[in-house]
Structure formats: structure tokens, C-alpha cells
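K.L.:
one predicted model, sequence on top.
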Amino acid sequence: MPPKNQSADTGKMGMIRWQIPLVLLVSVLISYLDRMNISYALPMIAKDYGWGIEETGKYGGLLMSIFFVGYGFANIFLSPLGEKFGPRKSIMFIVVLFSLFTYLQSPFGMMLTAFIVMRLFLGFSEGIHFPMMNVLTKKWFPLHERSRGNGIWVCGMFLAMILAPLIVVPIIDNFGWQNMFVVLSFSGILVTIPLIYFFVYNKPEEHPRITPKEVEYIANGMELDEPDDKPFWQSLKWLSRQPTFWLAMIGGICNNIATFGMISWLPTYFTNGRGLEFSKLAYATSIPYIFSIAGVALWSYLGDKTNKRATTAGIGFFCASIGIYFAATAVSINAVIILFSLTILLNSAYVSNEFTIIQRIVPKQIIGSGTGIYNGFAMMIGGGIGPVLVGSIVASTGSYTSGILVLSVVLCIGGVTMLILGRLLKY
């Protein structure tokens, strides 16, 4: 059946499918600003609470890690519910929720227990965002375009890392960290909701402006999956028997430990560990992530071109582990920034191919719940451990450099895991 209200020119291929990840990129950008802002606010939060280095490591790590507990729980258990209502409606609903809990961190910011609870709920509200975007990507992109389709919206994460210090630091510097939460909370409602409503549809056949030729092109490029639908617990049982799924999970955990260990502690590492002025934090923390955009473009292209995405990710892990070692031990601040930039570019090899690998392992009938299980455990364990791991080492040694260095070992473990997965999956 042809799509409703389709474009009058049905002979052209059309490029409607590429609008989907561009809009999702914006949603990822805003959601990441809401989750990352705590990292840039932490030096000022610590100052207002009167924390020393040990308390900053302990409570700062907790504020950053508690997000991933709620996030992982929602990924694992609420993704099937999101699939039931459809990714379009689900994403709009969670945007409203995470905007609300971002706002509430302002009035509850100087009550530590309540602040921690708000961070937990923020994670819970963002939980099914990535699984629903995976549902959309798998339905909208043929296999040979999928790394690039995923890579576009994944760039929203790196754009947030680039823009966060340029947006968040000046707001904190001029209006205070509590008012920063208020400002950011409105962006989701005013920007993301209209974009999702007008441009995103659950599947190609529902889009009012797509041509039959593009629908056919997408359908012809899909993989053959199991024809029978599986309920949630059957999906969990099926996935538990797949060694490739668990290897991908270990890779995801290692990536999240390293990624969120760096994201969470780089601002404090530069200001407290390297003596950089807070007003100069914007350029020091944004420059490294500019290279991540180039990394995603490069590694996504290589993943689609070589069809060896897991092996590509493994090589990136090993190279990034070397980069982070030299970055943490460099003497000058300019050398540190350059080497962290190179490290982040290399580590983007995994992020560029991560969900494409998962979409290959998990059949399309269970992609939402399957991705939710993967992303939930990988984020809950990896994202939860990363900030706490670095924070605990900082607290016990009194050295921010020692906390960053441990991430090099984690990246090596991820590299070994992904090379093994590459041999098994051949993808």
C-alpha cells in the first residue's frame, strides 16, 4: 500500500530517510546537555558545599553515577513499553520528563539527598531514548547505510560535548549553577518536541512525504529476520544464549567506563588537577570533542565500507588506550588537550559502529527490547562504574592523573573483546 499523502513526484528516490537521524541528533544533543551539565557544575557545586578533594571524589562521583542506575533500569524494563506505544510518541513523552527533572535540580540543588534523587529520576526518564532511536534506525535504513544512519544521531552526543562547555560554563559563570538547570530544561520542550512531531514517523510507510521508490529501496536493503514476534522475557532468554551479544555487551561496558569516566572528570581534572582557570574551561574541554565528529564520520564510513565493524572498533580501543596514557602524563596543558583530542577521535571507532553491531545481532522484531537490554546493562554498569572508579582512585590517591590513567587499562580490555567479536560475527 502506498504511503498516505505522498509526494507528488513518485519517480524520484527521495532522501526523506536522512531527515530522521538529523532530528534524532538534536534530541541526543539536548538530552546529553541535560545529563552532562553536572560535570561542568561540579567545581562550583563542590565550592558551595565546601567539599575538599576527598568529598568531591566521593559525592561528585555519586551525583554523576546515580544517573546511570535509573537510566539502565528504564532501558532494560521499559523498552518493551516504548515499543508498544511506538518510538515517536515515546521519545516525545520522555523529552517532557527529562526536561522536568532537569528543572527540578535547581530548587533541590543544595539538598544533597534530594539532588541525588533528581539525578536518579533524570536517568530513569532518559532511559528508553536510545532503544527507540535504534528501532527507528533499523526500520528506516538498509544494512549498507546503517552505520552512517546511526553515526548521524550519535554525533549529537559529541556535539553536546563540544557545545556543553561553551553553553554551560558561561551560564554558570554569570548566573550560577542552579539557574543553569532552569535554562537548559526549556530547550527540550521548545526545540525537540516540534521537530519530532513534524519530521519523525515510526516507519517509512507512515511518512506523508516519502515516495514509493524510497520505501521500496529501504525494504530491499533489509536483512532477513526471524518471522515470529517474541515477548520481552522470551527475547531476554534468546539473547542470553548469544555469545556475540555478550561480547558486544562487554565492549559497551568498557566503552562507557572510559567515555563517562573522561566526560565526568575532565572539567575537574583540568581545573583542580591541572590548575586551569574555570573561565578557560570551555576551550579546554570542547576542543577534544571537535575531533570526535571527524572520528564518527571516518569510522562510520570505514565500517560500512569494510563491513568489519567490530574489528574496526577493537583497533580504535587499543589506539585510544595508548592515547589516554600519554594525555594523562603529558606536562604542558596544550599537549594534554591535543592528546585527549587524539584519544577521543580514536575511541569514536566503537561509538560509530556500536548500535550497528547490536542491530545486526538482534532481530528487528525485538530490536527495542534487545537494544534496551544491551544499552541498559552497558550504561548501568559502565556508566555507573566510570565516574565512581575515577572518583574513588582520586579520593584514595589524591591524584586526578591516577584516576584518568586507569581508563587506559579498561580500553585495552575492550579492544581484546571486540577483536574476538569481529572473528565470531564477521561484521
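P.N.:
Nice, I can see it.
K.L.:
output the strand or helix carrying residue 386 as PDB, nothing but the C-alphas.
P.N.:
Per DSSP states H and E, residue 386 falls inside helix 384-397. Output of helix 384-397 as PDB, limited to C-alpha atoms (Å, rounded to 0.1, in the frame of the first residue of the first chain):
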ATOM      1  CA  GLY A 384      27.800   3.800  36.700                       C
ATOM      2  CA  ILE A 385      31.300   2.400  37.300                       C
ATOM      3  CA  GLY A 386      33.200   5.000  35.200                       C
ATOM      4  CA  PRO A 387      32.700   8.200  37.300                       C
ATOM      5  CA  VAL A 388      32.900   6.200  40.600                       C
ATOM      6  CA  LEU A 389      36.000   4.400  39.500                       C
ATOM      7  CA  VAL A 390      37.900   7.500  38.600                       C
ATOM      8  CA  GLY A 391      36.400   9.300  41.700                       C
ATOM      9  CA  SER A 392      37.400   6.600  44.100                       C
ATOM     10  CA  ILE A 393      41.000   6.500  42.800                       C
ATOM     11  CA  VAL A 394      41.200  10.300  43.100                       C
ATOM     12  CA  ALA A 395      39.800  10.100  46.600                       C
ATOM     13  CA  SER A 396      42.300   7.400  47.700                       C
ATOM     14  CA  THR A 397      45.400   8.700  46.000                       C
END
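K.L.:
so which elements touch it?
P.N.:
helix 53-55, helix 61-85, helix 243-268, helix 400-425 (3 or more CB pairs under 8 Å, 6 or more residues apart in numbering; DSSP states H and E). All C-beta spots, glycine's among them, are computed from the backbone N, C-alpha and C.
K.L.:
not counting sequence-adjacent ones, nearest residue to residue 90?
P.N.:
residue 82 (4.0 Å; CB to CB, 6 or more residues apart in numbering).
K.L.:
give the contact list for that neighbour.
P.N.:
90, 128, 131-132, 135, 368, 372 (CB atoms under 8 Å, 6 or more residues apart in numbering).
K.L.:
of those, which belong to helices?
P.N.:
90, 131-132, 135, 368, 372 (DSSP state H).
K.L.:
okay if I get those residues as JSON lines plus distance to residue 249, pLDDT and neighbour count?
P.N.:
Output for those, formatted as JSON lines (distance: CB to CB, whole Å; pLDDT from 0 to 100; neighbours: other CB atoms under 10 Å):
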{"residue": "90", "distance to residue 249": "23", "pLDDT": "95", "neighbour count": "23"}
{"residue": "131", "distance to residue 249": "14", "pLDDT": "88", "neighbour count": "30"}
{"residue": "132", "distance to residue 249": "20", "pLDDT": "92", "neighbour count": "29"}
{"residue": "135", "distance to residue 249": "19", "pLDDT": "89", "neighbour count": "29"}
{"residue": "368", "distance to residue 249": "17", "pLDDT": "75", "neighbour count": "30"}
{"residue": "372", "distance to residue 249": "13", "pLDDT": "81", "neighbour count": "31"}
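K.L.:
of all the contacts of residue 82, which two lie farthest apart?
P.N.:
By the measure CB to CB, 90 and 372 form the most distant pair in the contacts of residue 82, at 11.2 Å.
K.L.:
no further questions, thank you.
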